[in-house]
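Colleague: Structure, please.
(one chain, ligands or ions: 3)
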Amino acid sequence: MTMASAAEPLTIGLLGAGSVGAQVARTLVEERDLISARVGAPVRLIGVAVRDVEAPRDWRIPGELLTTDAESLVDQADLVIELLGGLEPAGALIDRALRRGAGVVTGNKALLAVRGGELAATAAETGAPLHFEASVGGAIPILRPIQESLSGDRITKVMGIVNGTTNYILDQMDTTGAAFEDALSEAQRLGYAEADPTADVEGHDAAAKAAILGALAFHAPFTIDDVHCEGITAVTGADIEAAAASGYVIKLLAIAEKFDGEGAVLRVHPTLLPRTHPLASVRGAFNAVFVVAENAGELMFYGQGAGGVPTSSAVLGDLVSAARLLRQGTTVLEPSEPAEIVPALPIEKARTQYYIDMEVADEEGVIAEIARVFADHHVSIEAMRQPGIVSVDGEVDTDHDNGAVLQVVTHPAQEKSLAETVATLKALEVVRAVTSVLRVEIEQ
Ligand SMILES: NC(=O)c1ccc[n+]([C@@H]2O[C@H](COP(=O)([O-])OP(=O)(O)OC[C@H]3O[C@@H](n4cnc5c(N)ncnc54)[C@H](O)[C@@H]3O)[C@@H](O)[C@H]2O)c1
Ligand SMILES: N[C@@H](CCO)C(=O)O
Ligand code: NA
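Modeller: Numbering: from 1, shown residues only. Ligands and ions are numbered 1, 2, ... in the order given. I've put the predicted structure just below:
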């Protein structure tokens, strides 16, 4: 493609005008001078591809910009901003833009977690910038720090709350006792949820982000298929209440962790955190990501992880950055060979702490028998608690025949050993039920 001269504006084609796209359009129209000044050259929005030009939007886009012909827009623009979501036609349109050397900015984690490596290779072939800061952590600058600021260090772990919708739902259930469905509807109304919110509540959105974070942190071609994924649909109000009674909060965490010489485990699941843990205080649709690197130590990134307005900030930052590269005629280099190969490991290789809640017989020797099972599987116990069964009227049940509740928190153990421990516990006569098994993160 031809380079825009200083006088000739860089042209921008926007694909999609939903929660994020409408805000991006607004800024590109209302703040055109600011964005041009930041780029160091004039920029001009030349079109917005939508499904229906008449549909109501968060911000009224000037009618002459609206089009239903996304392909023609891609073929005319110096820079394409993709905010349609989904695999297709988003994937084909991004590929089309990159092949003609146009810069691309996208927030599409679902697509990147499947085809990110291939699209990055196409971008490197044609020298086109491909930026996707909005795809993880909404407004939070997290991908650029990992890719650039920490590129002289070795990252060992990335862990965080990366889905605003589920954090909003869990937070509402915890603090106001809201029902799951009501909290989800509100998250949808506020523009946090994906077009199909199943992607949020089943953990797929967080899993896509875990793949992107892991791939950038460990320089490995991870995809969503490499991520062990459990969502929040099985978390009940009773689980949240029981966690609260023991001083914990339940959060959906995404974790990418490297085990030296072996590989990395990528996982997304509901996790118990002590109320004093920094991630426990991340409320509403906010996100927070810890990054641990050998020399930098622990870093924490925090901010609004979802919502049209905050996310538009990350999109426009990427746009300015991509526009500057195009203006300078800088060629994006093919990434060098990774310094080490980091394969994806199965969840059985994960090491973490666990919380196990059981109903047991209330008689002599039970605790010793249970402790033996943990020891036999080399799972060390950090804490054991017998809170007593509380009846519906709030009284602690002291009738021994009704059994007792026993809660165990383990030291870090391998997932495989823990699974075997739980299977053996379930088979014990003195264990009436294993009511809950949750992973715990005590330390950051
Ligand atoms: N909403 C957020 O908080 C947020 C945050 C970060 C990243 N993202 C990502 O940004 C992207 C957009 O998210 P959103 O929340 O704005 O979604 P949205 O559903 O509100 O908007 C998408 C828009 O694209 C339109 N669209 C879909 N296919 C189209 C097609 N073929 N042609 C024309 N228009 C089409 C839809 O009609 C809709 O208006 C997604 O990839 C999402 O994952 C969203
Ligand atoms: N649906 C996503 C949008 C931000 O990526 C979330 O709730 O976090
Ligand atoms: Na971000």
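
Colleague: And I81, how far from L93?
Modeller: The gap separating I81 from L93 is 11 Å, by CB to CB, to the nearest Å. Backbone N, C-alpha and C define where each C-beta goes, glycine included.

Colleague: interface residues of the stretch 1-150 of the chain facing ligand 3?
Modeller: 133, 137, 140, 142 (CB under 5 Å from the ion).

Colleague: now those in a markdown table, with pLDDT?
Modeller: What follows is these, written out as a markdown table (pLDDT from 0 to 100):
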| residue | pLDDT |
| --- | --- |
| E133 | 98 |
| G137 | 97 |
| I140 | 98 |
| I142 | 98 |
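
Colleague: and which of those is nearest Y302?
Modeller: For those, the minimum distance to Y302 (CB to CB) is 6.8 Å, reached by I140.

Colleague: Which secondary structure element of this structure has the lowest mean pLDDT?
Modeller: Lowest by mean pLDDT, DSSP states H and E among the helices and strands of the chain is strand 389-390, with a mean of 54.

Colleague: Find the closest residue to ligand 1 in the protein.
Modeller: Using CB to the nearest ligand atom, the closest approach of the chain to ligand 1 is made by G18 at 1.7 Å.

Colleague: give me phi/psi at that residue?
Modeller: phi -90, psi -140 (degrees, to the nearest 10).

Colleague: To what extent is it buried, counted in neighbours?
Modeller: 18 (other CB atoms under 10 Å).

Colleague: does the residue of the stretch 201-350 of the chain found nearest ligand 3 belong to a helix or a strand, and which?
Modeller: Of all residues in the stretch 201-350 of the chain, the one sitting closest to ligand 3 is A314 (4.6 Å; CB to the ion). Applying DSSP states H and E as the criterion places A314 in helix 308-328.

Colleague: taking the mean pLDDT, what do you get for the helix or strand just after that helix?
Modeller: Moving toward the C-terminus from helix 308-328, the next helix or strand (DSSP H and E) is strand 351-360. Mean pLDDT, strand 351-360: 94.

Colleague: Counting neighbours, which bits of the helix or strand just after strand 351-360 end up buried?
Modeller: Next in sequence after strand 351-360, counting helices and strands by DSSP H and E, comes helix 366-376. By 16 or more other CB atoms under 10 Å, the buried positions in helix 366-376 come out as 366, 369-370, 373-374.

Colleague: Looking at those residues, which is nearest ligand 2?
Modeller: Using CB to the nearest ligand atom, the buried residues of helix 366-376 come closest to ligand 2 at F374, 36.6 Å.

Colleague: In this protein, mark out all the helices, start to finish.
Modeller: For the chain, the helices defined by DSSP state H cover 19-30, 32-39, 70-76, 90-99, 109-126, 143-144, 164-175, 180-189, 198-201, 204-218, 237-245, 308-328, 366-376, 415-427.

Colleague: quick one, which of those helices is nearest to F290?
Modeller: helix 204-218 (10.8 Å).

Colleague: what angle do the closest one and helix 109-126 make?
Modeller: 40 degrees (axes from the mean of the first three to the mean of the last three CA atoms, to 10 degrees).

Colleague: hmm, helix 204-218 in reach of ligand 3?
Modeller: No - Helix 204-218 is not in contact with ligand 3 by CB under 5 Å from the ion; minimum separation 9.4 Å.

Colleague: Show me what that helix is packed up against.
Modeller: helix 109-126, helix 143-144, strand 155-161, helix 198-201, strand 227-229, strand 248-259, strand 263-274 (3 or more CB pairs under 8 Å, 6 or more residues apart in numbering; DSSP states H and E).

Colleague: near ligand 1, anything from the second one?
Modeller: No - Helix 143-144 lies out of reach of ligand 1 by CB under 6 Å from any ligand atom, never closer than 11.9 Å.

Colleague: just checking, what packs against that helix?
Modeller: helix 204-218.

Colleague: I'd like to know how far L79 sits from V20.
Modeller: For L79, the distance to V20 equals 16 Å [CB to CB].

Colleague: and the stretch 151-300 of the chain, which of its residues are near ligand 2?
Modeller: Residues of the stretch 151-300 of the chain lying close to ligand 2 by CB under 6 Å from any ligand atom are 163-165, 192-194, 200, 205.

Colleague: most neighbours, which of these?
Modeller: N163 (36 neighbours).

Colleague: nearest residue to that residue other than its sequence neighbours?
Modeller: With sequence-adjacent residues excluded and distances taken as CB to CB, 6 or more residues apart in numbering, N163 is closest to A206, at 4.4 Å.

Colleague: pretty sure the one you found contacts L252?
Modeller: Yes - in this structure, A206 is within contact of L252 by CB atoms under 8 Å, at 6.0 Å.

Colleague: Now the common contact residues for those two.
Modeller: Counting by CB atoms under 8 Å, 6 or more residues apart in numbering, the contacts common to A206 and L252 are 163, 166, 268.
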